[in-house]
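A.B. asks: got a predicted structure plus its sequence, pasted below:
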Amino acid sequence: MASVESDIISDLRRISFTLRSHEERGSIVKEGRLTPALEIVKKDGRRTRQFQPSWYGVHKWLTGSAVTNKLYCWPCLLLSTKKHIWANEGYCDWKNLSRSASLHRSSHEHIKNEVSLKRLEHAGAPGDARLCEQRRLAVLEHNEKVRKNREVLKRLIDISVVLSRQEFASRGHRETQESGNQRHFTELVGYFFRHDEELKFHWQKNASVFSDLSKTIQNELMECVAEEITSCIDREVEECSFFACEVDGTTDVSQLSQLALTLRYVDRKGNTQERFLGFKDVGADRTAVALKQVVDSEISKYNYKGKLVSQSYDGAAVLAGELGGLQALIKKDAPQALLVHCFNHRLNLILQQGAQCIQQTRCFFATLQGFPAFFTRSSKCTELLDRIVGRIPFPCRWTSHSTVLHAIASEREKLCQVFQEIVDGSGWDGECRRQATGFLAKLNDFQFIFLLYCYRSIFSITDVLCDVLQKNAADVNDCNSQVHLTITMIGDLRKEEHFKEVLKSAATALSDLPAPPKQPRVKLEDEPPADGQNAHFLLYNDIIDNILVQILLRFADIKALQFLALSDSSRFPAFSKQFPTDAFSSLADSYGSCFDLDRLKNEFGVIFRDDQFQNRSVSDILLLINETGLCEVLAEVYRFFCLIATIPATAVSEESRFSCLERIKAYLRSAVEQDHLSARATVSIETKLLSFLETQPNWYDHVIARFASKKERCIELHYK
């Protein structure tokens, strides 16, 4: 009997029986099973259940490990090719032991392994040498079949990855042998096996029991790849000090309400990462409580109550109240998780509110939206625009109005030619002529031209801010600085000389254009009075004041992020002379529980005086600390810069994820379920991480292991 101290069971779980040498296997079989007394007690209500050594006598195949304090099936532990609790995880449910042991004892897998073990035990006898050789040859044949099966799966995994990475559909509607185009997956399978006749023959021979061209197999392979990516993300998040959660919601092209979840954190090498966790269907219930359950199911495994430092949401949805309620619920569990709105959504809301609060600007933007809508109503209109001017892009966000506005301002004369040709030409319907007449009148209306140039000067400033906010790697400090610069520049537009410049540009533009044919004059309600210059000056100031108020209102809570000043390395020399007490107090108020504040203050005193840390970005400082081995010496400062890099300034990455979702939906068949869609999106979005995983030596083994464990397969995938 083997001794308890050797604990061969723990050793077998680390290196399987089939991977050991012939001599080792013989020694293990000869020593036999372990039967230690397990020191584990289970409470079942008022009753207490403990291990009974007599169980070893009742079940001759039972063995135990004093290390894991669990029971195993000795034959299955040694010889099973399938994963189950008696061979891998171990059993410790004393209440249901009798029933579970009886079911396992009657299973096909157990009987097969028990017969094989008996043969091994008698293999040393003189008359059983031939039986031992037969067993060896059977194992070799089995392993060769497994090798070929795994080689086939490797190719199928590669095909699935390529199609998802390129966002191509796997299947088509006609995939019969007679079809000339059997769609991507089927066609690629044929090309992959074209130059390997042996593997092609093996694949075709198993086609009756393993149809790898079925949608189920394809989807399961993609799920396994996505799960391997998610597993890598899980390991990275477990190692990081902090993480931020970015949540965004929209309705996709199939009218399903989707929630995109992204985590932002700093990995152990000091690099800032944004990782996609998947799309979640929330169409059935969009209440704050239901959304909280969805988010909880994804991030609770990361100990978010202690590590979540920021939450970011779609700005419009927060105003609607759904995600606003969600952030409040999360903040109850994680008080340190500050709400950071997507800065770019704030800018959209500012421009939108600035246009809606004034009657003249409300009418102006309604007309502005009509230009691209008019030219996309028919191919004839589009062709005429392309021939004379060039296409005006359709605005999908408020900052895109800038593109339309600049196009109209720069191509106004040509646009007048387009509308005049529609009005005078033949072959146009009455509705089209009527709209063209209205647009032509607007392009010759002084107030419209005045507002056109007024907003062009404003958008020239906000476009720069938009570009900064849209940078995926932008940090909050940069955004904060750009917001204050934007406020200053828009405030300067209130000066009288800027107004006169806009007024002069509008008058010049109108005088340069040939007068249109005379139309019956209609008195408009908002037509300026005789002292039009004064009225336009008041309107000009109202527009600028409204936008300034909206900016100050929407970005007011940036003051809560005052501690970001501590990361501005250009000010380190000044900080070395006068410590930034206010910024440090702001950090203590928001994240004091995350740091040893006394040590952090002293570490700041060191780096503020060190030339190597000056005039560097946050990411550069993190890499510098990492590369010079100072992570432990400057532990608190390193954690601080990890915090700064983790807080997201923009959730624009979510927008690209929804764009990916729409592209995938357009290619995939409607039969694809939500889980499979999310898996394909994960592969398409996390291409960089996937490329890294594909270079790892155990990449295929891990994916195949996941595929084999999902359910009982008709082909052998485990070596003996």
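C.D. replies: That came in fine, so what should we check first? Numbering: from 1, shown residues only.
A.B. asks: can you pull out the strands in the stretch 301-450 of the chain?
C.D. replies: In the stretch 301-450 of the chain, the segments counted as strands under DSSP state E, counting those that start in this stretch are 308-313, 338-339.
A.B. asks: neighbouring contacts of the shortest one?
C.D. replies: Surrounding strand 338-339, the residues in contact under the criterion Cβ atoms under 8 Å, 6 or more residues apart in numbering are 309-313, 327, 331, 557, 560-561, 590, 647. Backbone N, C-alpha and C define where each C-beta goes, glycine included.
A.B. asks: by neighbours, which of those residues wins?
C.D. replies: Counting by other Cβ atoms under 10 Å, residue 312 has the largest number of neighbours within the contacts of strand 338-339, with 29 neighbours.
A.B. asks: grab the most central residue of this protein for me.
C.D. replies: The residue lying closest to the centre of the chain (Cα atoms, centre = their mean) is residue 276, at 1.8 Å.
A.B. asks: A strand includes that residue, no?
C.D. replies: Yes. Counting by DSSP: H, G, I helix; E, B strand; the rest coil, residue 276 is found in a strand.
A.B. asks: tell me which residues touch it, please.
C.D. replies: With contacts taken as Cβ under 8 Å, 6+ apart, residue 276 has the following neighbours: 260-262, 657, 681-682, 685-686.
A.B. asks: could you redo the last one with a cut-off of 7 Å?
C.D. replies: Taking Cβ atoms under 7 Å, 6 or more residues apart in numbering as the definition of contact, the neighbours of residue 276 are 262, 657, 682, 685-686.
A.B. asks: name the helix or strand of this protein that has the lowest mean pLDDT.
C.D. replies: For the chain, the helix or strand with the lowest mean confidence is helix 315-320, at a mean of 42 (criterion: mean pLDDT, DSSP states H and E).
A.B. asks: how near is the residue lying closest to residue 381 once chain neighbours are set aside to residue 434?
C.D. replies: Leaving aside its sequence neighbours, residue 381 sits nearest to residue 375 (Cβ to Cβ, 6 or more residues apart in numbering; 4.9 Å). Noted for residue 375: a distance of 15 Å to residue 434, by Cβ to Cβ, to the nearest Å.
A.B. asks: what of residue 286?
C.D. replies: When Cβ to Cβ is applied, the distance between residue 286 and residue 434 equals 41 Å.
A.B. asks: give me the neighbour count for residue 698.
C.D. replies: The number of residues packed around residue 698, counting by other Cβ under 10 Å, is 9.
A.B. asks: could you do the one 10 residues further on as well?
C.D. replies: Residue 708 has 21 neighbouring residues, counting by other Cβ under 10 Å.
A.B. asks: same thing with residue 562?
C.D. replies: 18.
A.B. asks: A helix includes residue 718, no?
C.D. replies: No. The secondary structure assignment for residue 718 gives coil rather than a helix, going by three-state DSSP.
A.B. asks: please shift the residue numbers so they start at 28 in all later answers.
C.D. replies: Sure thing, new numbering starts at 28, so read that last one as residue 745.
A.B. asks: next up, the contacts around the residue nearest to it when sequence neighbours are not counted.
C.D. replies: Distances taken as Cβ to Cβ, 6+ apart place residue 108 nearest to residue 745, at 4.1 Å, with adjacent residues excluded. Residues in contact with residue 108 (Cβ under 7 Å, 6+ apart) are 743, 745, 747.
A.B. asks: low-scoring stretches of the stretch 278-427 of the chain, by residue?
C.D. replies: Residues of the stretch 278-427 of the chain meeting the criterion pLDDT under 70: 278-283, 341-351, 368-377, 379-381, 418-427.
A.B. asks: now the helices for it?
C.D. replies: In the stretch 278-427 of the chain, the segments counted as helices under DSSP state H, counting those that start in this stretch are 315-326, 331-334, 342-347, 349-360, 370-383, 386-402, 406-415.
A.B. asks: of all these, which lies closest to residue 295?
C.D. replies: Proximity of those to residue 295 was assessed by Cβ to Cβ; the nearest stretch is helix 331-334, lying at 14.4 Å.
A.B. asks: what about that closest one, distance to the chain center?
C.D. replies: Between the mean C-alpha point of helix 331-334 and the mean C-alpha point of its chain there is a distance of 19 Å (Cα atoms, centre = their mean, to the nearest Å).
A.B. asks: show me what it is packed against.
C.D. replies: Taking 3 or more Cβ pairs under 7 Å, 6 or more residues apart in numbering; DSSP states H and E as the contact definition, helix 331-334 has no neighbouring helices or strands.
A.B. asks: using PDB, write down the CA coordinates of it.
C.D. replies: Once side chains and other backbone atoms are set aside, the C-alpha atoms of helix 331-334 remain, and they are given as PDB (Å, rounded to 0.1, in the frame of the first residue of the first chain):
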ATOM      1  CA  TYR A 331     -14.600  45.400  -8.100                       C
ATOM      2  CA  LYS A 332     -15.700  46.600  -4.600                       C
ATOM      3  CA  GLY A 333     -12.100  47.300  -3.800                       C
ATOM      4  CA  LYS A 334     -10.500  47.700  -7.300                       C
END
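A.B. asks: touching that helix from outside, list them.
C.D. replies: Helix 331-334 is contacted from outside by 269-270, 360-361, using Cβ under 7 Å, 6+ apart.
A.B. asks: in it, which residues are buried?
C.D. replies: Within helix 331-334, the residues that qualify as buried are 331, 334, counting by 16 or more other Cβ atoms under 10 Å.
A.B. asks: circling back: nearest to residue 521, of the contacts of strand 365-366?
C.D. replies: Of all the contacts of strand 365-366, residue 584 has the smallest distance to residue 521: 25.2 Å, by Cβ to Cβ.
A.B. asks: and residue 573, how many neighbours?
C.D. replies: 18.
A.B. asks: could you do residue 39 as well?
C.D. replies: As a burial measure, residue 39 scores 20 neighbours (other Cβ under 10 Å).
A.B. asks: which ones are touching residue 439?
C.D. replies: 470, 536.
A.B. asks: over to residue 661?
C.D. replies: If a contact means Cβ under 7 Å, 6+ apart, then residue 661 has 630, 634, 652 as its contacts.
A.B. asks: need the strands of the stretch 328-477 of the chain in a markdown table (columns: distance to residue 324).
C.D. replies: Supplementary listing: these in a markdown table, determined by distance: least, Cβ to Cβ, whole Å:
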| stretch | distance to residue 324 |
| --- | --- |
| strand 335-340 | 15 |
| strand 365-366 | 21 |
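A.B. asks: scan the contacts of residue 108 and report the most crowded one.
C.D. replies: Within these, most neighbours by other Cβ under 10 Å means residue 745, with 20 neighbours.
A.B. asks: tell me how far that residue lies from residue 734.
C.D. replies: Separation of residue 745 from residue 734 (Cβ to Cβ): 12 Å.
A.B. asks: on the three-state scheme, the nearest residue to residue 176 once chain neighbours are set aside is what?
C.D. replies: If the residues on either side of it in the chain are set aside, residue 176 comes closest to residue 742, at 4.9 Å by Cβ to Cβ, 6+ apart. Assigned by three-state DSSP, the conformation of residue 742 is coil.
A.B. asks: what about residue 742, how many residues nearby?
C.D. replies: 16.
A.B. asks: look up how far residue 734 lies from it.
C.D. replies: When distances are taken as Cβ to Cβ, residue 742 and residue 734 turn out to be 11 Å apart.
A.B. asks: now do the longest helix belonging to the chain: distance to the chain's middle.
C.D. replies: In the chain, taking DSSP state H as the definition, the longest helix is helix 156-192. Distance of helix 156-192 from its chain centroid, counting by Cα atoms, centre = their mean, is 34 Å.
A.B. asks: great, nothing more from me.
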